[in-house]
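Peer 1: Pasting the sequence and the predicted model now:
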Amino acid sequence: MKVEIWSDVMCPFCYIGKRKFENALSQFPQKDQIQVEWKSFQLNPQMKTEPGKSINDYLAEVKGWAPDYAQKVNDHVTNLAAEVGLKYNMDEAVVANSFDAHRFVQFAKTKGLGDAAEEQLFKAYFTDGKDTSNHETLVELGSEIGLNASELIAVLQGTRFSEDVRNDIYEAQQVGARGVPFFVMDRKYAVSGAQQPETFLNALEKSFSEWEKANPQPLVTFAEGSSCGPDGVCD
């Protein structure tokens, strides 16, 4: 059964939500039958990459917050991240447009490394203070998870996977996502936000139960060998 997750690398609750979903999935008996697909979403498509600007100043500009209030919000989010074992260094976060980071993930998905790419991006952004729009940084992150550097460079220097990113963003609107993280189970049930593991587990159980009824598995697995058919022909 497919679980689709819309997220943006600059969304602090997306990384927290990833951990909480993974916690739920680890408790799910049929976890081996769950296919997770990461989908692109941009919270601010017009964002300019500004390495010298603090995340507090950015939030103050776009949300109209006072800088000290932005700091309190980030401190709160940092504490929530720590509860699930994540270390956020928000003061080091680089304000960066995420479009190429999403193209990076789309390329990684073609190699079966979508989840690894998401994990690398989140850690780079929230923990390591790296510029996730920088092509050299993305190539470095890609190499660490096993992507071919030359192939990735070619992707980033061109426009490949741009339409895939845009299609995911459009698709998010069609399934009712107004923010991220947004989890969709079998295109029937949705969970919005970084919910508790119990919420994810309940959604997995309900959606999988219905999916399993619609997709019954064979009761017996067998190896084929020499045999005779009802027509009397033996081979």
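Peer 2: Good, I have the coordinates. Numbers count the residues shown, from 1 in each chain.
Peer 1: Where does the residue nearest the centre of the chain sit: helix, strand or coil?
Peer 2: By CA atoms, centre = their mean, the chain has its centre lying nearest to Trp38, at 4.1 Å. Secondary structure, DSSP: H, G, I helix; E, B strand; the rest coil: Trp38 is strand.
Peer 1: can you pull up the bridge partners for it?
Peer 2: Ile5 (DSSP bridges).
Peer 1: ok, it touching Gly114?
Peer 2: Yes. With contact defined as CB atoms under 8 Å, Trp38 reaches Gly114; the gap is 4.7 Å. C-beta coordinates here come from the backbone N, C-alpha and C atoms, glycine included.
Peer 1: Now do the contacts for the closest residue to Leu113 other than its chain neighbours.
Peer 2: In space, and not counting its chain neighbours, Leu113 is closest to Ile145: 5.4 Å by CB to CB, 6 or more residues apart in numbering. Residues in contact with Ile145 (CB atoms under 8 Å, 6 or more residues apart in numbering) are Ala108, Leu113, Ala116, Ala117, Gln120.
Peer 1: hang on, the first one packs against Ala116?
Peer 2: Yes. At 6.8 Å, Ala108 counts as touching Ala116 under the criterion of CB under 8 Å.
Peer 1: Those two: which is more packed in?
Peer 2: Ala108 (26 against 18; other CB atoms under 10 Å).
Peer 1: Quick one: the strands in this protein, in order.
Peer 2: 2-7, 35-40, 182-185, 189-192 (DSSP state E).
Peer 1: contacts for the second one?
Peer 2: So that's strand 35-40. In contact with strand 35-40 (CB under 8 Å, 6+ apart) are residues 1-8, 25, 102, 105-106, 109, 114-115, 117-118, 164-165, 168-169, 171-172.
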